[in-house]
Structures are given as structure tokens and as C-alpha cells.
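>>> Quick one, fold the following:
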Amino acid sequence: MASTLSPLLLLQLLFFTLSLTQTSADPDQTVKTYIIRVDSSSKPSVFQSHYHWYTAEFSDPTTILHVYDTVFHGFSAVLTQSQAASTLQHPSVLAAFEDRPRHLHTTRSPQFIGLRNQRGLWSESDYGSDVIIGVFDTGIWPERRSFSDRNLGPVPKRWRGTCQTGAYFSLRNCNRKIIGARFFSKGHEAAGSGFGGGINETIEFKSPRDADGHGTHTASTAAGRYAYRASMEGYAAGIAKGVAPKARLAVYKVCWKNAGCFDSDILAAFDAAVNDGVDVISISIGGSDGISSPYYLDPIAIGAYGAVSRGIFVSSSAGNDGPNGMSVTNLAPWLTTVGAGTIDRNFPADVILSNGRNLSGVSLYAGKPLFDKMYPLIYPGKSGVLAASLCLENSLNPKSIRGKIVICDRGSSPRVAKGLVVKKAGGIGMILANGASTGEGLVGDAHLIPACAVGSTEGDQIKAYLASSPTVRATIKFRGTVVGTKPAPVVASFSGRGPNGLNPEILKPDLIAPGVNILAAWTETVGPTGLDSDSRKTEFNILSGTSMACPHVSGAAALLKSAHPDWSPAAIRSAMMTTASLVDNSLNQMIDESSKKRANPYDYGAGNLNLDLAMDPGLVYDLTNNDYVSFLCAIEYGPKTIQVITRSRVNCPMTKPLPENLNYPSIVASFPKESKVSSQMFFRIVTNVGEAKAVYEVRVEPPKGVKVKVKPEKLVFSETVRRLGYYVNVTVDRNNLKLDDSGARFGSLYWVDGKHEVRSPIVVTQMDPL
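The predicted structure is shown next:
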């Protein structure tokens, strides 16, 4: 086993070395926020509280931002580098890491995931009544109809939270729907103190009120009430509702407009939410640097462990850095990690060229149309200047742009901001063209000028036609809302993809849910584009991202928790994963939006959320805190490093466990490239949550070129036998194993009893240990 703290000390040493070499002037006086993990059991009895201990031995009271005592033991404080280095020498300090900003992973969808009025899971769970969902985001706009408490019962007696008041947010803004609201800004303000101040109260509210819109959108997606005659400027018209319309909301504002979400504040929110009594936590936040921190340096992973260990389900977004491989984020096995797919609703628009050709795209433009009038077409990127091709600020020459439709390449700046640049330069409209990196993946935007997004193939065709005939003219036609589009779901091109960059033995994402063009409630302070110049006001907005997929699963967890109060977070996740769908509404295998090829478990995990089946999964793969500790031992974390995550001291067994034997609802067989090993054995335990007397038989769809054997092949459950284990042997012919473009082969393992099909994905790959 590796030495107890070697990876932790190595990272700390690297961090302090980089800090010292990169800081100018007097580095010793440069202050930063640090999160300090302390062994709480070491507190001398002479101190009345941990706070008194921390202020006496570690830090001045004025520098401490948060004290953590529930999901994490320790504090965050503003320290100089020498103070931080000195703190690290204290024998009770287990870890210290710098506070970092994280970023948001930015009404038909409930029906699309299998929910129906007056029957099924909505009926069985009473629409999630009395389940409490904690939403970590940018706050909430409480006046929206989605947050009405009409006909809701009293606040659940177990609720221990509060309604924190502040700027434009009073006690009256909480009700029987929004039962609690808090904001966490100390980390954000400390980070901004060296850059002209913390919260900019000209654009932000120092309260739970939402100045950004993202938090209002995610909260209403998870648990919004029925809102009739909902739409975004006429698009997606109908009845808006969340996945769990009767669930209660607890709002934790940890993200601030144009500033991100700081780790120290997120960790404080986890502490508060667990103490307040939430049942589900929804966190559409993650890193944006393409690198996943080890679990003991990741406050989302640490906070989520503290919540899950107390029976709280935590749903997180998979990130928006797809379709690149290994782009999935939020990788801890106790988190449920959600990717994004489309639904069967689209907002088509057509680019019509002067040669009569129509090229399909999407748009949410709701202003004055072009009335089929043709305009000259121009591509500024023809000049070879990158900024001009991307239509960045001040890159376009008004003399050449005025009165024309402009082709802008996607990337480097917000899609809607490019349209504003074109508008300022005098352009009539915009064609937003994907490049090779974004492929054919499209999302609708509420543009300020007539604009249409097209895939890379269509974009290249338009550019080629313009190059061959400089007098080309074009127009854009907007076709409104189309329902029943096929195929759907399709894996969104932006959705974070596997394999898991920390522990490939654990398949991530876990599953996908609707995350493209989702209608939900919106703030009053900004227009649908979020641009400062957008003065439009709308009660609802349409957004895309794994941020939108995550609250679908949070709401689904609330429904399942209401229907099955005794299920653990792992059992709820298992029910969703083993019943997830692999086919689209054309009854074909799901495809990947970016490539138009067949998708695989690296894209969608176990499949697309299907709540029609998740209420009654038959069998579940359950996990306890001991299972997670065993997994951490298996990946060679030492006892003190594990204590950073779990809060309690542990002893790893003499015989090291295998990480692939974590009782997960998926199986990943990873064979090192240079090894001669050609066989792996896995062990799983299933718990019967269906009828007591049941017999399940195994069915295997092995990956191509792989042999899969399961023992036993039959599981017999009874009143007294509710849990049974089985072994899976995966064997490859190393000389003839041909991996596909993703670097893997995929199959499935089913347990079937005539009523249920309990499916687990199988992944076989060749990969050296990370």
C-alpha cells in the first residue's frame, strides 16, 4: 500500500511551490482563502468549542470564514502563505487546500421520462409531497408561479432550516413550497477583496434572490408546480411543471453572477443542508479546467460523502465538455452523475440559400422575422483572422457587414453574444456554424437578431457555396415549436463523456436525463440571453446543459424517496440505472448527436432515465458507508487521507480490496495494455425489493470478442432470503480483441424474472492504471 499521506503531501508541496514561484512583490503577504481539514477528535478539552480551538491555535477570529462541523471537520480562513504553511505543521491538521471557483454546468420533459398524471410514480409518490430537495445554485426568484404553495400541506415537522433574509428577500418570500433559503458569500467575498470588492450589488443581491436565472431554472425543473400557459416568447407553449411538483424546496445560494461558486461556500452549504434536514441535494456545479481533483481535495466529493452517509441522495451534473472523451466530471462513486440527452421537442429554423437549397438548424429567435427576403451573405473568417471568424467583440468591419447575414463560427464567446456583435456592426442576421469539435450538436438560443445555429456539415456547405459564388444571398425561416421529433433521446454533443478520469473501474456518467432546450422558470432581472443589453423580461426560459439534466434526476430521486422511504441513496440510483432505456422513440439504439453514430455507455452510462420502470426495479445494488471506505482503501488512500473524506478514522484491511468490486450497477473490466492478464472476476450483491418470492435468471449480451460467465446463473429469493451474490468472469482474447473508436467494447448483463429486466452495462477496455 502507498504511504499514508504521500499523494496529499505531494499535491500540497506542489501547490505551495507554484504559489511561491508565481507570486510577485512580497509573496509572504499575499492572502488567499484556504480550507483546513482538522482531526476534530484532537480538540483539547480545555476549549469550549471547535471554534474556540481554531481561533486559539490556528487562526485569528477575523480571518475565519466558515467553521465546518457536519460533512467536514475544520474551517476556511483567509491566510498568508506563511500562515498556511505554518498551519499545515500542526499535528491535528489532516489537509489544507486553496479555495477554488467552480462553474455552473449551463415542460415536456417530465412526460418524456415516463411520468403520467394520476398513475405510475407520480401517483404512488403523491408527486413527491413532503420530500425536501436542497438546490445549490444561484438562488431563486420566489414570485414565479412555479413556486406557489397553493394546496400544499404544512411544512414537514422534521425541517430544521431557516429563511435567511437579505437584499430584496424577506421572510414572506419563503412559504410552504420554498421552505428554506440561505446564501453563502464569504468565500466569494474573500476572493474578491483583492480585486475591487466582493459582491457587486449593482447586478447581484446579497440574499437568496436570484440575479442570474440559473438557480430559478434548476429549482423549477426539479420541483416546479403546474404553471399553465407557460412559454418562452411563444416557444414551448403549454403547461410547465417540475419532475416532483409537490416536493418542497430548500435554496442554498452558493454561486454569484459572473463570479462562479467557491469551494468554501459550497462546503458550508453542504454542512447547512444536512443539518437542515433535506432528503435530496441537487448540485449542477463542477470544475471547468478539464482535470478532476482526487476525492480528498474535492469539496463537492467531500460534502456529498457527508450527505450520502446520512441517507441524503446527491445528484450532480456531468459537465459540458463533451464530446471529448474523459470529459465527465463529479466522479465520486457516492455521487449520481448525470449527462444530458434531448427530448422529442425541437425549435427548427431553416437557412434558405439563393440556389433554393434549405439547410436545417435551430433557433429561439422571437422577434420580427425576415419574411423570406434574401440578403447578401458574408463570412468574416474568409480573411483568416480568427477573431473575425468567431465574431468576437470589435472584430467586424461595419462597412462590410452592414445589411448582410453573417456566418459566425461557434466558440470562444457566448453564442448569443456573437449575434450582438453582428447587430452592432449593422448585420441583418447570423448563421452560427459549428466546427469539428462541436459536430452536429445544436441548442436553441433566444437571439437578439434573426439567427440560426447549424451543424458543422451544414456550416461547411454554406461556406463552400459562398466561396464558389460570392454573390450568394440567403434568408432564415423560423418554424416555431415542433413536438414528436425523432429520434429522441439523442446524447447531447456537449454532455460529459467517459471513461472516468480518476477510477476507470467506475463507469461515469451514471445515466442521462433531459438537458437540451428545457423550459423552466426564470429570474426577472435579466433577459433570456443573460446579456446586459437584453432588456426583455420572461417568466420562463429555455436552457441547455447537464445543469438542466441534473435536476431531472434530483426530482426523480424525490419521487422514488417518497414512494420508497426506506431506500438508500445507492438503491435509488440503482433503480434509475438498471431500468434506464437504451432505445429512442424510433425503437432504435440511441445515437450520439455529435457524430450521428450509435452511442455507448461512455456517452450515456446506463441509459436514459425511465421513471415508468424505476419505481419497481425488482433488484437493486445497494451500498453502505463501509463499502465506500473499502473502495477508498482499494484505490490506495491511506487512513488519514480517507479521514479527510469520511470524518472518522478507519483501518484498511491487510488484504487490499479491489476497486472494481464496489457493488456498483455497472461492470468495467480494464486490462493493462502490457499485461498478460486476460481474465477478471467481479463480485456483486443484489437486494430484492420486489415480491418476496422471486426467481431471476441471467442473460448476457457479451461485448464483441469477449466471454462473460456468471455464477450462479439463477437467483432464488424468498421471505428470508432478500440478498444474494453472484460472480462475473470476463475473459478476453488479447490477440484478437478489437476495440472500437471509443477504446472499448460494450455489452450488458440482465437478471430477468418474467416481469423485470435488471440491466447492468459491461465495459471492456485496455487501459494502464491512471
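
>>> How many residues are close by residue 475?
Residue 475: 21 surrounding residues under other Cβ atoms under 10 Å. C-beta: built from backbone N, CA, C; applies to glycine.

>>> you'd agree it is in a strand?
Yes - Residue 475: assigned to a strand according to DSSP: H, G, I helix; E, B strand; the rest coil.

>>> That one is in contact with residue 377, isn't it?
No - here residue 475 does not reach residue 377: they are 9.7 Å apart, not a contact under Cβ atoms under 8 Å.

>>> Now do the shared contacts for these two.
residue 405 (Cβ atoms under 8 Å, 6 or more residues apart in numbering).

>>> Mind pulling up the pLDDT for the residue nearest to residue 333 when sequence neighbours are not counted?
Nearest non-adjacent residue to residue 333, counting by Cβ to Cβ, 6 or more residues apart in numbering: residue 506, 5.0 Å away. With respect to pLDDT, residue 506 scores 97.

>>> For residue 506, give me the backbone phi and psi.
phi -110, psi 120 (degrees, to the nearest 10).

>>> Can you report how many residues lie near it?
So residue 506, with other Cβ under 10 Å, has 22 neighbours.

>>> Please apply the same query to residue 300.
For residue 300, using other Cβ under 10 Å, the count is 26.

>>> OK, contacts around it?
Going by Cβ under 8 Å, 6+ apart, residue 300 touches 102, 263, 266, 283, 285, 286, 316, 330, 332, 335.

>>> what's stretch 522-530 in contact with?
Taking Cβ under 8 Å, 6+ apart as the rule, stretch 522-530 contacts 141, 143-144, 210-213, 216-217, 232-233, 364, 414, 416, 445-448, 532, 534-542.

>>> What's the mean pLDDT across it?
In this model, stretch 522-530 has a mean pLDDT of 93.

>>> Ends of it, what's the gap?
End-to-end distance for stretch 522-530: 10 Å, by Cα to Cα, to the nearest Å.

>>> That one: how far from the chain's middle?
From the chain centre to the centre of stretch 522-530 is a distance of 22 Å (Cα atoms, centre = their mean, to the nearest Å).

>>> Could you check it and say which residues are buried?
522, 523, 525, 526, 527, 528, 529, 530 (16 or more other Cβ atoms under 10 Å).

>>> Validate this expectation: the last one resides in a helix.
What that stands for is residue 530. No - read with three-state DSSP, residue 530 is coil and lies in no helix.

>>> i'd like the first residue to be 44 from this point on
Sure, I'll start numbering at 44, so the last one becomes residue 573.

>>> List the residues that contact residue 480.
Taking Cβ under 8 Å, 6+ apart as the test, what residue 480 contacts is 367, 454.

>>> Now the residue sitting furthest away from the middle of the chain: closest residue in space that isn't a chain neighbour?
Taking Cα atoms, centre = their mean, the residue of the chain most remote from its mean C-alpha position is residue 514, at 45.3 Å. Closest residue in space to residue 514, ignoring its immediate chain neighbours: residue 419 at 7.7 Å, by Cβ to Cβ, 6+ apart.

>>> Surely the one you found touches residue 447?
Yes - between residue 419 and residue 447 there is a contact under Cβ under 8 Å: 4.5 Å.

>>> what about these two, which has more around it?
residue 447 (20 against 17).

>>> so that one touches residue 474, yeah?
No - with contact defined as Cβ under 8 Å, residue 447 does not reach residue 474; the gap is 10.8 Å.

>>> okay, and the common contacts of these two?
residue 420.

>>> returning to what we had before: which of the contacts of stretch 565-573 fall in helices?
Secondary structure assignment by DSSP state H places 259, 260, 459 of the contacts of stretch 565-573 in helices.

>>> Tabulate the residues you listed (JSON lines), appending distance to residue 84.
Output for the ones in helices among the contacts of stretch 565-573, formatted as JSON lines (distance: Cβ to Cβ, whole Å):
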{"residue": "259", "distance to residue 84": "42"}
{"residue": "260", "distance to residue 84": "42"}
{"residue": "459", "distance to residue 84": "52"}
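
>>> Scan these and report the most crowded one.
residue 260 (33 neighbours).

>>> Can you give me the end-to-end span of stretch 222-230?
Using Cα to Cα, the end-to-end distance of stretch 222-230 comes to 25 Å.

>>> That stretch: how far from the chain's middle?
The answer for stretch 222-230 is 20 Å, by Cα atoms, centre = their mean.

>>> Can you point out the buried residues in stretch 397-417?
397, 402, 404, 405, 406, 407, 408, 409, 413.

>>> Can you pull out the low-pLDDT segments for the chain?
Low-confidence segments of the chain, defined by pLDDT under 70: 44-71, 149-171, 236-240, 331-333, 811-813.

>>> At the geometric centre of it, which residue do we find?
Closest-to-mean residue, the chain, Cα atoms, centre = their mean: residue 360 / 0.7 Å.

>>> need the contact list for that residue.
Residue 360 makes contacts with 148, 326-329, 372-373, 380-381, 539, 588-590, 592-593, as judged by Cβ under 8 Å, 6+ apart.

>>> now residue 796
661, 733, 737, 738, 739, 740.

>>> Can you name every helix or strand that the helix or strand containing residue 94 contacts?
Assigned by DSSP states H and E, residue 94 belongs to helix 93-100. Contacts defined by 3 or more Cβ pairs under 8 Å, 6 or more residues apart in numbering; DSSP states H and E place helix 93-100 against strand 107-111, strand 117-123.

>>> Pull up the pairing partners for the longest one, direction included.
Applying DSSP bridges to the sheet, strand 117-123 is found paired with strand 74-81 (antiparallel), strand 107-111 (antiparallel).

>>> circling back to that earlier point, parallel or antiparallel, list what pairs with the strand or helix carrying the residue nearest to residue 514.
Element membership for residue 419 (DSSP H and E) is strand 418-421. With DSSP bridges as the test, strand 418-421 is paired with strand 448-452 (parallel), strand 516-521 (antiparallel).

>>> mind putting these in a markdown table, distance to residue 805 included?
Below are those laid out as a markdown table (distance: least, Cβ to Cβ, whole Å):
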| stretch | distance to residue 805 |
| --- | --- |
| strand 448-452 | 40 |
| strand 516-521 | 45 |
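
>>> which of the ones you listed is buried the deepest?
The highest average neighbour count among the strands paired with strand 418-421, using mean count of other Cβ atoms under 10 Å, belongs to strand 448-452 at a mean of 27.

>>> contact partners of that strand?
418-424, 432-434, 439, 461-462, 464-465, 468, 470-476, 478, 493, 502, 505-506, 509, 517-519.

>>> Show only the entries of these found in strands.
Secondary-structure check on those using DSSP state E: residues within strands are 418, 419, 420, 421, 472, 473, 474, 475, 476, 517, 518, 519.

>>> So what's the gap between the strand or helix carrying residue 304 and the chain middle?
Using DSSP H and E, residue 304 sits within strand 303-305. Relative to its chain's centre, strand 303-305 lies at 15 Å (Cα atoms, centre = their mean).

>>> Pairing partners for it, with directions?
Here, using DSSP bridges, strand 303-305 pairs with strand 144-147 (antiparallel), strand 298-299 (antiparallel).

>>> Name the member of the contacts of residue 343 with the most neighbours.
Within the contacts of residue 343, neighbour counts (other Cβ under 10 Å) peak at residue 326, which reaches 34 neighbours.
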